[in-house]
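Participant: sequence and predicted model, in that order:
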Amino acid sequence: MALLQISEPGQTTAPHQHRLAAGIDLGTTNSLVASVRSGTADTLPDNEGRHLLPSVVHYREGGGHRVGADAKARATHDPLNTIISVKRLMGRGLKDVKTLGSILPYEFVSGESAMPLIHTVAGDLSPVQVSADILEELRRRAENTLGGELTGVVITVPAYFDDAQRQATKDAGKLAGLNVLRLLNEPTAAAVAYGLDRGRDGVIAVYDLGGGTFDISILRLNQGVFEVMATAGDSALGGDDMDRLIALWMMEQAGMGDDINHSMQRRLLQQACAAKEKLTMCVDADLSLHLDNGMQWQGKLTRRKMDELIEPLVKKTLAPCRRALRDAGLSTADVKEIVMVGGSTRVPKVRTMVGGFFGRDPLLDIDPDKVVAIGAAIQADILAGNKPEDEMLLLDVIPLSLGIETMGGLSEKIIPRNTTIPVARAQEFTTFKDGQTALALHVVQGERELVDDCRSLARFELRDIPPMTAGAARIRVSYQVDADGLLSVTAQEQISGVQAHIEVKPSYGLTDKEVEIMLRNSLDHAQDDMQARQLREQQVEADRVLEALRAALREDGDKFLSGEERSAIDQAAEKLARLRNGDDHRAIRKAIEKLESVSTVYVDRRMNANIQKAMAGHAVDEFK
Amino acid sequence: MMSSTLTKNHFELFSLPQRYVLERAELDARYRSMQRAVHPDRYASASDQERRISMQQATQINEAYDVLKDSLKRGRYLLELRGHVIEDRQSFHQDSAFLMQQMELRESLAGIREQDDPVQALERLAQTVRSQYRALESELAEVLDGGEDIEQAVTVVLRMQFLKRLQEEVQELEEDLEGELY
């Protein structure tokens, strides 16, 4: 992580060096990285001028891997070691894997949770690891092009991704050595790219059909504030499924049975995809397959036939559109613009059906492949601190209701879908046995009544509850969903004031410990030892705290602090500044905590003043 | 680590008087201004401490906005502030006229599918429910902002809750009918 410059006391403003930030679209089929340079957001190409990076990783015998077009070329020859569309496996289980024919596309192995590992010659890999390899490639590309280390990135995710899928993405970012500033919803990112481009306020609908996921988001733009009103979708529906439908038709035409091998699976899907793309421009596409019995099959797919095959799939995307409009309390007439995102929206049938549904022509001018990365880059630039005066604000929502399993296998909703984030809710529980010191909660996501019909998120075990008689304890459990859409749970026994220790067992994910181990094992970090990494982390945090504090004190230290409070802060800051240059990371951590505790009241007052300032612009004649 | 904004109630947070009637546009504008000031996006590169407080404050503002912008939630909240807590599933003894009216509406809802044009019939029913709801909103405004008759206010809020549940069922049927059409 880049070290921030710390200004000399006495200077009027802290010099902000431009921080290198990037937006990453980690797509099912293709990934991109973009950055804001000289005021414009653009995708960054590789050495050969290619902007898109196929989301494909090929693992080699004897170690090492390749990412992108080179890896994709290996797909049919070495299908078990060439991982494609890994996004579909993030935060998912075996039951979610879609197949062509009767065999699974890879050799899966059980992991700690229900998210399986993929067996390759490079070992049993978590989908998180494979995604990290893609992200690392993009990081390298960005750092080479921009000429320095990235301060932070914004990684996009489908709006309809649940907590497990989001957490897996964040973990992948961590493994790739990235500072993930924000997980941004893809439709919102697209809206940012379009919205700022057009400068017009109103309601826009973003129809995002990617390789493996579908999202529909309804947003309201109002003077730089992008407010998501509702979002819906299907996180297992995309262009890949169109390919599958075409491939199934080919199998039928060629008289193939269900028992095709891995290589044939890949060849069929590749042909199907190529045909689909060709049919965007032409009215028919030739197909040819080398069958296992040595014969050659030739066929022709017309656009009309393809339209017929994919129509049910496109129709399936319209139901979430209706739901999102309903949840937003709007009709199609209220939508001013429709933005199409994702390569699959190039298919003419999709454009026709969506245009028909909304009753207007969708916007197509920004490249549907690049628009998400560009929006992410714009936000990354702001979040990294390069544009302190920027007024843009993204208010996003949680896409799926969060519930708790209660008696009888029912899901009790605690946070409804489309609630603006960040959001927190609380519940009170008590014990049912004398001396009970632990409590287990099962959190699920989804709209259905039965827990089994929802998505299991994680089991939270609350420990260290002080033993009391049954029913005496008042355990307040807090559910907080942050701006990334990620849930964290805290619990406190109210009578004793004791904080419960929470152990999280994700249903489809990696535990913190597993991520830590993977970090340690990854090649990049093999050189650093744990101590060095921890020291660096504490030093960066110390610098951040000190810089922010110095800038703040210069501005209003006199206004908000008494002499006593001020000297306590100065003292703690001085101590931290000294320890920061040492090599005891624990001491630095302690000093940071000490400084935080004496400056809380100050930070608090300042942030409250921000709110007052914000309200100052509004007529305060309310006590009429 | 408590932020002092946490001690403010929703109206205080928005610097609005504790009245039922409010101007939605003004509420929205204040919401946007406040979130611009405290949202985690403003503090993505700040210290852990500032990020924590930002999260707390943004969450609180979202909570307050969620309550204040909804006429039923706002009504319940005002009653809560005056010491009267209303449960979600609270039952009540109402005048038989209201109950009769509700039963008729429910019967209508149950019979929608038998109608010649179910979608139209449902839309008409939805309109009826909407206008009844609006009438209750006006009544609540009068009672809360004018007379201060808490008992009457509670009655109106309970009626609104009843109607709200009915509205949800209407919406569910709307969704089902739509799904069947396509």
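Facilitator: Happy to help now that I have it.

Participant: where does pLDDT dip in chain A?
Facilitator: Counting by pLDDT under 70, the low-confidence segments of chain A come to A:1-17, A:197, A:199, A:523-528, A:619-624.

Participant: what ranges do the helices span in it?
Facilitator: Ranges of helices within chain A are A:69-72, A:127-146, A:163-175, A:186-198, A:239-253, A:262-281, A:303-328, A:348-358, A:371-383, A:512-521, A:523-527, A:530-560, A:563-580, A:585-616, based on DSSP state H.

Participant: figure out how far the second one is from the centre of its chain.
Facilitator: Right, the one you point to is helix A:127-146. Here the centre of helix A:127-146 is set off from its chain's centre by 15 Å, with Cα atoms, centre = their mean, to the nearest Å.

Participant: which one of the helices of chain A is the most hemmed in?
Facilitator: Across the helices of chain A, averaging neighbours per residue (mean count of other Cβ atoms under 10 Å in any protein chain shown) puts helix A:371-383 on top, at a mean of 30. Quick note: C-beta positions are derived from backbone N, CA and C, even for glycine.

Participant: hang on, residue B:175 packs against residue A:326?
Facilitator: Yes: judged on Cβ atoms under 8 Å, residue B:175 makes contact with residue A:326 at a distance of 6.8 Å.

Participant: circling back to that earlier point, the helices of chain A into CSV, with extra columns for distance to residue B:98?
Facilitator: Output for those, formatted as CSV (distance: least, Cβ to Cβ, whole Å):
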stretch, distance to residue B:98
helix A:69-72, 67
helix A:127-146, 56
helix A:163-175, 42
helix A:186-198, 43
helix A:239-253, 51
helix A:262-281, 59
helix A:303-328, 28
helix A:348-358, 40
helix A:371-383, 51
helix A:512-521, 55
helix A:523-527, 68
helix A:530-560, 55
helix A:563-580, 58
helix A:585-616, 41
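
Participant: joint contacts of residue B:175 and residue A:326?
Facilitator: Taking Cβ atoms under 8 Å, 6 or more residues apart in numbering or on different chains as the contact rule, residue B:175 and residue A:326 touch no residue in common.

Participant: and the helices of chain A: which comes nearest residue A:21?
Facilitator: Across these, the minimum distance to residue A:21, taken as Cβ to Cβ, is reached by helix A:371-383, at 3.9 Å.

Participant: quick check: residues of the stretch 301-450 of chain A near chain B?
Facilitator: Contact residues (Cβ under 8 Å from any Cβ of the partner chain) of the stretch 301-450 of chain A with chain B: A:315, A:318-319, A:322-323, A:326, A:379, A:382-385, A:391, A:393-395, A:419-424.

Participant: recalculate using a threshold of 7 Å.
Facilitator: With Cβ under 7 Å from any Cβ of the partner chain as the criterion, the stretch 301-450 of chain A meets chain B at residues A:315, A:318-319, A:322, A:326, A:383-385, A:391, A:393-395, A:420, A:422-424.

Participant: now the two most distant members of these.
Facilitator: A:315 and A:385 (45.2 Å).

Participant: send the alpha carbons of stretch A:247-266 over as CSV?
Facilitator: C-alpha atoms of stretch A:247-266 as CSV (Å, rounded to 0.1, in the frame of the first residue of the first chain):
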residue,chain,number,x,y,z
ALA,A,247,-25.3,-26.3,-27.5
LEU,A,248,-28.2,-28.5,-26.5
TRP,A,249,-29.8,-27.9,-29.8
MET,A,250,-26.6,-28.9,-31.5
MET,A,251,-26.3,-32.0,-29.5
GLU,A,252,-29.8,-32.9,-30.5
GLN,A,253,-29.2,-32.2,-34.2
ALA,A,254,-26.0,-34.2,-34.2
GLY,A,255,-27.6,-37.1,-32.4
MET,A,256,-25.4,-36.9,-29.4
GLY,A,257,-26.3,-38.6,-26.1
ASP,A,258,-25.9,-37.1,-22.6
ASP,A,259,-22.5,-38.7,-22.0
ILE,A,260,-20.2,-36.2,-23.7
ASN,A,261,-16.7,-35.8,-22.4
HIS,A,262,-15.2,-32.6,-21.0
SER,A,263,-13.4,-31.6,-24.2
MET,A,264,-16.6,-32.0,-26.2
GLN,A,265,-18.5,-29.9,-23.6
ARG,A,266,-16.1,-27.1,-24.2
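
Participant: which residues touch that stretch?
Facilitator: By Cβ atoms under 7 Å, 6 or more residues apart in numbering or on different chains, the residues outside stretch A:247-266 that reach it are A:75-76, A:79-80, A:100-103, A:105, A:268-269, A:271-272, A:287, A:289, A:291-292, A:297, A:299, A:309.

Participant: contact partners for residue B:150?
Facilitator: Going by Cβ under 7 Å, 6+ apart, the list of residues near residue B:150 reads B:82, B:84.

Participant: got it, and residue A:433?
Facilitator: residue A:470.

Participant: alright, calling it a day.
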